[in-house]
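1. Here is a sequence with its predicted model. Questions after.
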Amino acid sequence: MRTGISAVTEQAASGTAAHLDFYLDRGCVVVPCQRGQKKLRRGAGDWTVEDSRTRRDELTGNAAVRNGTGGLLVVDIDAKHGGSLDLMAERFPGSTMTRTIQTVSPGENGRLGAQLIYTLPDGFRIGSGRALVSNAEGAPMIEVAAFAMLPGSRARGSDGVMRTYTVVRDVSVNSATPELLAAVEGRTLVEVDDSDMPEMKPTEARQRLDALLAQIVAAGDGQRNSVFTRYALPVARLCDLLGEDPEHELTEAYEYSGGVDSSWVRSAVRSAIRRAGDGPIGWTHLGPLAAEELLIMRTRARLAAWPGKSGASDRRVFLALVDACMDFGRMETPLSTRKLAVRAGVTRETVEASLKRLQAAGRVETVKQGEFTMRRPFLRADDTTHILSPLLVRENNYLSNNEDGSSGEGVDPLHPVWSSPKTPEGLGLDGRHGQLLDLVCAGLTTARALADHVGSRQDSIKRTLDRLTEVYLLAEIDGRYVPADNVAELADRLALELGGVEVCAYREDQYRNEEQRWDEFRQWQKIRPRWDRLTGEQWWELPDGTRIEAQAPPAPVEPPALTDDEIAALQQEHDQQQSDERRRWEDEQLLLRQFGLPNELGML
């Protein structure tokens, strides 16, 4: 086998012809691309395996393989967005030793990107267009694209230089690791809406795509935007299936219909493309591998040490992120800090501080996607803080998970009881109490064992255990602690008696009202009044295309000049208003303190 420059020169000269057998013998769908480009040839997205074999002579130039066909998975490492083999090895250990193809776009350090090829289990289906790792701007560093270029194809990189896709590691194709499969699998289709047809032949998909585009083109004034919004998502999904460019197809159809609002259509197209990555219309949920990954992540987070004063708060916020992902069937969540605060049972300020620490520690990945911030909990391969000594783990594990992800025994780490406030009558219960109860249920039954695992002083751990014993959640027998038999029922009662439910309800009402006000403000910010310079007419156009006539804004008027006496009177009135507001605020905070609720005056 030739190596080095001679091998690369031979590959470039032969084009894709030398590599077709590798893909066609496995039953992959290989389609032709435009000369010198990565874009599929018009109509090539309709090709089947049989087309690829019978029309092999059309694949000797640039060609691409449909990802997931023939039992092959191609993972693209995009160097221009910061992707690298080192990042791949860090996020998915043991996954880089497989057949590797060098791509054509370099990163900031001059290194080119790569494609890693794996074999898939029988029956495994991938979600195309899925970003596995993204940078801070939301651009994919590691992704699974719908199509991947074959070695021997030539295209211009992001720097404008023409290069050839080249096999740089000619080894056997390894199987994808379980961690990689869980990330690729993501959401799977559970129940499909009858109005959508996710399983269709390419010819049927082409006919339906043309029909939907014709509907957009035929839409006239007053209904253009609503028709576009209705059909943009299925068009984007069909384009993904056929290998077409959804942005080009949708924008062209909008312009043919007479639309001139380029900024609106650009935003609508990006939204449709982003949503299309979630799969066909219908009820989707996490696949079994991804769901198992989140369950493991949740159990390990409950057993991890989480040392330091902020460790208990970070634990609750991380678990709230994992639970949100499990509830909504995703590997990431767009929940705001207010909604995460309600889930975690802490304040919004605590959530914001914890997210910064979790991100710095590599436990949470934060990515901006348009106006949303997506947060993905991350389980590091080298994180061993959850591992307990086998000699200390009891045979009866109270933290065993049911199929729905709930704990069979013990108390949920996000239970309202762990939000019980401190009062003159008691010390309250917080996240550290919940953590120690979990660890006792897992088998660390002595104060010394708990202190060694958490990394805290034994006397501090003893005080926390004494409080749990005081409220009968734990019992101490010969220096060892055991959970109460009815610990879950007891936690429900304590949450009511100690005020945990009341605090959570108060905080939920407060954050829900704040969230509603911000949603209304953002909604009206998006609706800009339009103005016809010729007629002088002004109107608002709602997202559904409805027009609301509006009056032209009045011309600005300069305020009249004020005398010194008038200025002094206004200043006195302003000072009086501030004094009244300060008095009302103090009365409100004093009332909250009397009821033992969170306030800014501090506890008695």
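-> All right, it came through fine. Numbering: from 1, shown residues only.

2. quick one: secondary structure of residue 148?
-> What DSSP: H, G, I helix; E, B strand; the rest coil gives for residue 148 is strand.

3. Longest helix of the chain, counting residues only.
-> helix 564-594 (DSSP state H).

4. for residue 288, phi and psi?
-> When quoted as degrees, to the nearest 10, the phi and psi of residue 288 stand at phi -60, psi -40.

5. what's the pLDDT at it?
-> pLDDT, residue 288: 82.

6. pLDDT averaged over the longest helix of the chain - what is it?
-> Mean predicted confidence for helix 564-594 is 72.

7. same question, stretch 125-139
-> 75.

8. First-to-last residue distance for that stretch?
-> 24 Å (C-alpha to C-alpha, to the nearest Å).

9. Also stretch 368-382?
-> Stretch 368-382 end-to-end distance (C-alpha to C-alpha) = 26 Å.

10. now swap in stretch 253-261 and tell me
-> Stretch 253-261: ends 13 Å apart by C-alpha to C-alpha.

11. and it, how far from the chain's centre?
-> Distance of stretch 253-261 from its chain centroid, counting by C-alpha atoms, centre = their mean, to the nearest Å, is 33 Å.

12. coming back round to it: quick one: buried residues of the longest helix of the chain?
-> 589, 593 (16 or more other C-beta atoms under 10 Å). C-beta here means a position set from N, CA and C on the backbone, and glycine is covered the same way.

13. What of stretch 411-426?
-> 411-421, 423, 426.

14. Name the nearest of those relative to residue 577.
-> Nearest to residue 577 among these is residue 421, at 32.3 Å by C-beta to C-beta.

15. can I assume residue 37 is in contact with residue 154?
-> No: Residue 37 is beyond contact range of residue 154, at 9.2 Å (criterion: C-beta atoms under 8 Å).

16. neighbour-wise, which of those two wins?
-> residue 154 (18 against 14; other C-beta atoms under 10 Å).

17. Give me the neighbour count for the nearest residue in space to the more buried one that is not next to it in sequence.
-> In this structure, residue 154 finds its nearest non-sequential neighbour in residue 164, 5.0 Å apart by C-beta to C-beta, 6 or more residues apart in numbering. Neighbour count of residue 164, defined by other C-beta under 10 Å: 19.

18. Correct me if wrong: residue 164 contacts residue 104.
-> Yes: with contact defined as C-beta under 8 Å, residue 164 reaches residue 104; the gap is 7.4 Å.

19. For the two, list the residues in contact with both.
-> residue 154 (C-beta atoms under 8 Å, 6 or more residues apart in numbering).

20. Tell me how the chain divides into domains.
-> For the chain, automatic domain parsing gives the domain ranges 4-177, 199-284, 288-377, 390-497, 500-550, 562-604.

21. gap between the residue nearest to residue 154 and residue 62?
-> Remark: distance between residue 164 and residue 62 (C-beta to C-beta, to the nearest Å) = 10 Å.

22. Setting the sequence-adjacent residues aside, check what's closest to residue 368.
-> Counting by C-beta to C-beta, 6+ apart, the residue nearest residue 368 is residue 138, at 5.0 Å.

23. so that neighbour makes contact with residue 373?
-> No: if you go by C-beta under 8 Å, residue 138 and residue 373 don't touch, sitting 9.7 Å apart.

24. Residues that sit against both of these two, list them.
-> residue 367.

25. Just put the domains of the chain in JSON lines and tack on distance to residue 384.
-> Shown next, in JSON lines, are these (distance: least, C-beta to C-beta, whole Å):
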{"stretch": "domain 4-177", "distance to residue 384": "14"}
{"stretch": "domain 199-284", "distance to residue 384": "34"}
{"stretch": "domain 288-377", "distance to residue 384": "9"}
{"stretch": "domain 390-497", "distance to residue 384": "12"}
{"stretch": "domain 500-550", "distance to residue 384": "33"}
{"stretch": "domain 562-604", "distance to residue 384": "36"}
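
26. Just name the most buried of these.
-> Ranked by mean neighbour count, these are led by domain 288-377 with a mean of 20 (mean count of other C-beta atoms under 10 Å).

27. now the end-to-end length of it.
-> End to end - C-alpha to C-alpha - domain 288-377 spans 17 Å.

28. my guess is residue 322 contacts residue 297, does it?
-> Yes: assessed by C-beta under 8 Å, residue 322 is found in contact with residue 297 at 5.5 Å.

29. Helix, strand, or coil at residue 26?
-> coil.

30. Check the gap between it and residue 73 for me.
-> Residue 26 is 12 Å from residue 73, by C-beta to C-beta.

31. Please name the residues that touch the closest residue in space to residue 92 that isn't next to it in sequence.
-> Distance criterion C-beta to C-beta, 6+ apart; nearest residue to residue 92, sequence neighbours excluded, is residue 180 at 4.6 Å. Going by C-beta under 8 Å, 6+ apart, residue 180 touches 75, 92, 95, 118, 132.

32. The first one contacts residue 120, correct?
-> No: counting by C-beta under 8 Å, residue 120 is not a contact partner of residue 75; they are 11.5 Å apart.

33. Now the residue nearest to residue 26 when sequence neighbours are not counted, what are its backbone angles?
-> Nearest in space to residue 26, with sequence neighbours left out and distances taken as C-beta to C-beta, 6+ apart, is residue 70 at 3.8 Å. Main-chain torsions, residue 70, degrees, to the nearest 10: phi 70, psi 20.

34. same deal with the one 10 residues further on?
-> For residue 80, the backbone dihedrals are phi -70, psi -20 (criterion: degrees, to the nearest 10).

35. Please report how far it lies from residue 112.
-> 9 Å.

36. Could you do residue 89 as well?
-> From residue 89 to residue 112 the distance is 17 Å (C-beta to C-beta).

37. Please apply the same query to residue 151.
-> Counting by C-beta to C-beta, the gap from residue 151 to residue 112 is 13 Å.

38. for residue 232, same thing?
-> Applying C-beta to C-beta to residue 232 and residue 112 gives a distance of 34 Å.

39. before we move on, what about residue 204?
-> 38 Å.

40. just residue 299 next, same as before
-> 40 Å.

41. what does residue 246 give?
-> 27 Å.

42. Got the phi and psi for the residue nearest to residue 368?
-> phi 90, psi 0.

43. Any stretches of the stretch 301-450 of the chain with poor pLDDT?
-> Counting by pLDDT under 70, the stretch 301-450 of the chain shows low-confidence ranges at 369-372, 381, 388-409, 425-426.

44. The same query, at a cut-off of 50, please.
-> Within the stretch 301-450 of the chain, the segments meeting pLDDT under 50 span 391-408.

45. for it, what spans make up the strands?
-> 364-369, 372-377 (DSSP state E, counting those that start in this stretch).

46. Likewise for the stretch 1-150 of the chain?
-> Going by DSSP E, counting those that start in this stretch, the stretch 1-150 of the chain shows strands at 30-32, 63-66, 72-77, 100-106, 112-119, 130-134, 140-144, 147-149.

47. need those strands in CSV with distance to residue 368, can you?
-> Output for the strands of the stretch 1-150 of the chain, formatted as CSV (distance: least, C-beta to C-beta, whole Å):
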stretch, distance to residue 368
strand 30-32, 33
strand 63-66, 29
strand 72-77, 21
strand 100-106, 22
strand 112-119, 22
strand 130-134, 9
strand 140-144, 13
strand 147-149, 26
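
48. closest to residue 489 out of those strands?
-> strand 130-134 (42.6 Å).

49. can you list contacts of the closest one?
-> Counting by C-beta under 8 Å, 6+ apart, 75, 81, 83, 87, 91, 140-144, 180, 183-184, 186, 277, 365, 367 sit against strand 130-134.

50. Output that strand as PDB - backbone C-alpha positions only.
-> Once non-C-alpha atoms are left out, strand 130-134 reads as follows in PDB (Å, rounded to 0.1, in the frame of the first residue of the first chain):
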ATOM      1  CA  ARG A 130     -27.700  16.600  14.400                       C
ATOM      2  CA  ALA A 131     -25.000  18.700  16.100                       C
ATOM      3  CA  LEU A 132     -23.200  16.600  18.700                       C
ATOM      4  CA  VAL A 133     -21.000  19.400  20.000                       C
ATOM      5  CA  SER A 134     -21.400  23.100  19.200                       C
END
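
51. I am finished for the moment; much appreciated.
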